[in-house]
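Participant: Sequence first, then the predicted structure:
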Amino acid sequence: MSTIIKLDYKAVTSEIKSVASAKDSISFPEFSADEIGKNVLDITTKWKEQEVAISNLVTQYIQVLTKNLEDTQKNVDLLKEQDESMVRN
């Protein structure tokens with residue numbers, strides 16, 4: 001029994017580029033304490049802490065997504081090379 005795996009390199013690469021482009025358009029505004037004001041309400045302090053936490057999470061997500069996109073592209077390139085090598089042999 002023979003299993004054939006067909007890799008549509010152009011389609012996969014196009015999707016990777018599309019996700020990378022969408023990732024690059026992610027923006028999260030950062031606010032300074034002066035922009036927010038000098039409120040001392042407990043909710044304001046918690047809100048500021050949550051804003052920082054969310055900003056950090058978005059930054060980490062973008063870093064992980066970037067690494068995943070790079071790894072996926074490398075794997076797709078390797079699959080393409082292996083397919084081409086099998087065709088030559």
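Facilitator: Structure's in. What do you need? Numbers count the residues shown, from 1 in each chain.
Participant: When you work out contacts or count neighbours from here on, use the C-alpha atoms and nothing else.
Facilitator: OK.
Participant: helices or strands next to the helix ranked longest in the chain in the packing?
Facilitator: Ranked by residue count under DSSP state H, the longest helix found in the chain is helix 42-88. For helix 42-88, the packing partners by 3 or more Cα pairs under 8 Å, 6 or more residues apart in numbering; DSSP states H and E come out as helix 9-24.
Participant: Quick check: residue 69 vs residue 84, distance?
Facilitator: For residue 69, the distance to residue 84 equals 22 Å [Cα to Cα, to the nearest Å].
Participant: Between these two, point out the one with more neighbours.
Facilitator: Neighbours per residue (other Cα atoms under 10 Å) separate residue 69 from residue 84, with residue 69 holding more: 17 against 11.
Participant: Next, count neighbours for the nearest residue to the more buried one once chain neighbours are set aside.
Facilitator: Distances taken as Cα to Cα, 6 or more residues apart in numbering place residue 16 nearest to residue 69, at 6.5 Å, with adjacent residues excluded. Residue 16: 18 surrounding residues under other Cα under 10 Å.
Participant: Give me the pLDDT value at the residue nearest the centre of the chain.
Facilitator: For the chain, the residue nearest the mean C-alpha position is residue 65 (2.4 Å; Cα atoms, centre = their mean). As predicted, residue 65 sits at a pLDDT of 96.
Participant: Same question for the one 4 residues further on.
Facilitator: Looking at residue 69, its pLDDT is 96.
Participant: isn't it right next to residue 14, touching?
Facilitator: No: using Cα atoms under 8 Å, residue 69 is not in contact with residue 14, being 11.7 Å away.
Participant: Below-threshold pLDDT in the protein: ranges please.
Facilitator: 1-3, 5, 33-39 (pLDDT under 70).
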